[in-house]
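J.: please work out how this folds:
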Amino acid sequence: MQPHSTSLPRRRLLAGSASALAAAGLASFQGQALAQAAAPAAKPLPGYAGFKNADAVIVHSSTTIETKRSAFGTSVITPSNQLYVRNNLPTPNASIVADRDAWQVQIDGVKQPRQLSVAELKKMGLETVTMVLQCSGNGRGFFPSKPSGTQWTVGAAGCVVWSGVPVREVVKALGGVADGMVYMTGTGGEVLPAGIDPKTVMVERSVPLSAMQDALLAWEMNGEPISLAHGGPLRLIVPGYTGVNNIKYIKQLAFTLKESEAHIMSHGYRISPPGSKSDPSQPSVQEMSVKSWINSPLPEAGTQAAGMVQIHGVAFGGMHAVKGVEVSTDGGKSWKPARLVGPDMGKYAWRQFVLQAQLPKGTHVLASRATDEKGNLQPETRGENQSGYNNTSWADHAVTVTVA
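T.: The predicted structure is shown next:
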């Protein structure tokens, strides 16, 4: 068979080209239309979170809402209307915030156990702390193994201000912790399904007794009464610990000899090796460690213009203050120190950072890595685990931008 001639008359060649282009354009248009038709519509905000800015969040489900990476902005505090939501159980009825001061919490494992109302707690002390609130699974979406659960990227986190009474002051007023107690155990006030063992579904978590020193029983977030979506009327706040340990709707705070036997403690939120089942012998997801990511520029903003750009993001140390941040524009081959921006709101808060960089035409992989005051450096790789917890990998959190 003879090959096709390359000396076709010019008219036929142009006509063929025009037809091909027209066909390609039609195909492209049809493809876009099909893709748009196939794309799922954005889920509506659930009623209890109706105050959220729909343009700033991604609704994954009725109990999981993520802040868009592009919505973090350049300020330290995350506005309440775009802060992520992660609830392990359905949200309680709004009636519990109708009379906030009447909500009661039982304090056990102290020398003088008793039940206290929010109104009584407000007379026992006051403190304010700014801290990073982060879901244990933040960054799960970067795991190649795609662990089950919400595929969070960076938006299951925020930096917020809590006000309430220090737990240590409540304990002091009740005679101190009973002898020999090892843990601080919080129990949530969600309504549990009838007919099943409460321990299988209840939200109850234990943290080391030492966490009591900075913990709060908080009634206010970002200058307002804590919303139902975020655990109002009263929430246990444990700075430096992942979100699940900051118990919403807290109805009992106990100082205990042993960890809670609730499934969410004994088997849930454990660092299990890939392919294995969780069990109480495995490390529990509790303290956070050093982490950062870039919030601008981002690939979804489209092609960037060549020239000077402000590369900015957030960094936090978990249990320790951030000492510094470095930024790379070449995927980690080289690093430059970034500048920390804005007020230092304490060791539990995150810091904004910025690097002014000249980006020439081409593709650039932007990454950040933070160091805390103890010298801990944010790692390049994630710690592989079955459930996709505690992802602090700078490589996973890097972004690729195109400059023209």
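J.: contacts and neighbour counts: CA atoms only from here.
T.: Noted.
J.: show me the contacts for the closest residue to Tyr241 other than its chain neighbours.
T.: Spatial nearest neighbour of Tyr241, excluding adjacent residues (Cα to Cα, 6 or more residues apart in numbering): Glu287 at 4.4 Å. Each residue near Glu287 by Cα atoms under 8 Å, 6 or more residues apart in numbering is listed here: 240-242, 318-319.
J.: just the ones of these in strands?
T.: With DSSP state E as the criterion, strands contain none of the contacts of Glu287.
J.: want to throw those into a markdown table with distance to Ala173?
T.: Below are the contacts of Glu287 laid out as a markdown table (distance: Cα to Cα, whole Å):
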| residue | distance to Ala173 |
| --- | --- |
| Gly240 | 25 |
| Tyr241 | 25 |
| Thr242 | 28 |
| Gly318 | 29 |
| Met319 | 27 |
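J.: so can I have TSV of the residues you listed showing distance to Pro147 and neighbour count?
T.: Output for the contacts of Glu287, formatted as TSV (distance: Cα to Cα, whole Å; neighbours: other Cα atoms under 10 Å):
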residue	distance to Pro147	neighbour count
Gly240	24	27
Tyr241	22	25
Thr242	18	23
Gly318	23	25
Met319	26	19
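J.: how about those residues, which pair is most distant?
T.: Farthest-apart pair in these is Thr242 and Met319; separation 10.5 Å (Cα to Cα).
J.: list the residues that contact both of these two?
T.: By Cα under 8 Å, 6+ apart, the residues touching both Thr242 and Met319 are 287-288.
J.: list the contacts of the residue nearest to Glu373 when sequence neighbours are not counted.
T.: Of all residues not flanking Glu373 in the chain, Lys323 sits nearest, at 4.9 Å (Cα to Cα, 6+ apart). By Cα under 8 Å, 6+ apart, Lys323 lies in contact with 370-373.
J.: run the last query once more with 7 Å
T.: Residues counted as contacts of Lys323 (Cα atoms under 7 Å, 6 or more residues apart in numbering) are 371-373.
J.: now do Ala321
T.: 347-348, 372-373.
J.: about what we covered before: save the contacts of Glu287 as a markdown table, and put in pLDDT and distance to Tyr183 too.
T.: Shown next, in a markdown table, are the contacts of Glu287 (pLDDT from 0 to 100; distance: Cα to Cα, whole Å):
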| residue | pLDDT | distance to Tyr183 |
| --- | --- | --- |
| Gly240 | 98 | 16 |
| Tyr241 | 98 | 14 |
| Thr242 | 98 | 16 |
| Gly318 | 97 | 20 |
| Met319 | 97 | 18 |
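J.: list just the nearest of the residues you listed to Thr200.
T.: Of the contacts of Glu287, the one sitting nearest to Thr200 (Cα to Cα) turns out to be Thr242, at 20.8 Å.
J.: please report phi then psi for that closest one.
T.: Dihedral pair for Thr242: phi -60, psi 160, per degrees, to the nearest 10.
J.: surely it touches Gly137?
T.: No. Contact status for Thr242 versus Gly137: not in contact, 9.2 Å apart, counting by Cα atoms under 7 Å.
J.: re the thing from before, the residue nearest to Glu373 belongs to a strand?
T.: Yes. When DSSP: H, G, I helix; E, B strand; the rest coil is applied, Lys323 is found to be in a strand.
J.: what about it, distance to Val314?
T.: 13 Å (Cα to Cα, to the nearest Å).
J.: cool, and Ser393?
T.: 14 Å.
J.: who has more neighbours out of these two?
T.: Counting neighbours by other Cα atoms under 10 Å for Ser393 and for Val314 shows that Val314 has the greater number, 27 against 22.
J.: looking at the residue nearest to that one when sequence neighbours are not counted now. What's its pLDDT?
T.: The spatially closest residue to Val314, leaving aside those adjacent along the chain, is Gln352, at 4.6 Å (Cα to Cα, 6+ apart). On pLDDT, Gln352 comes in at 98.
J.: many thanks, I have nothing further to ask.
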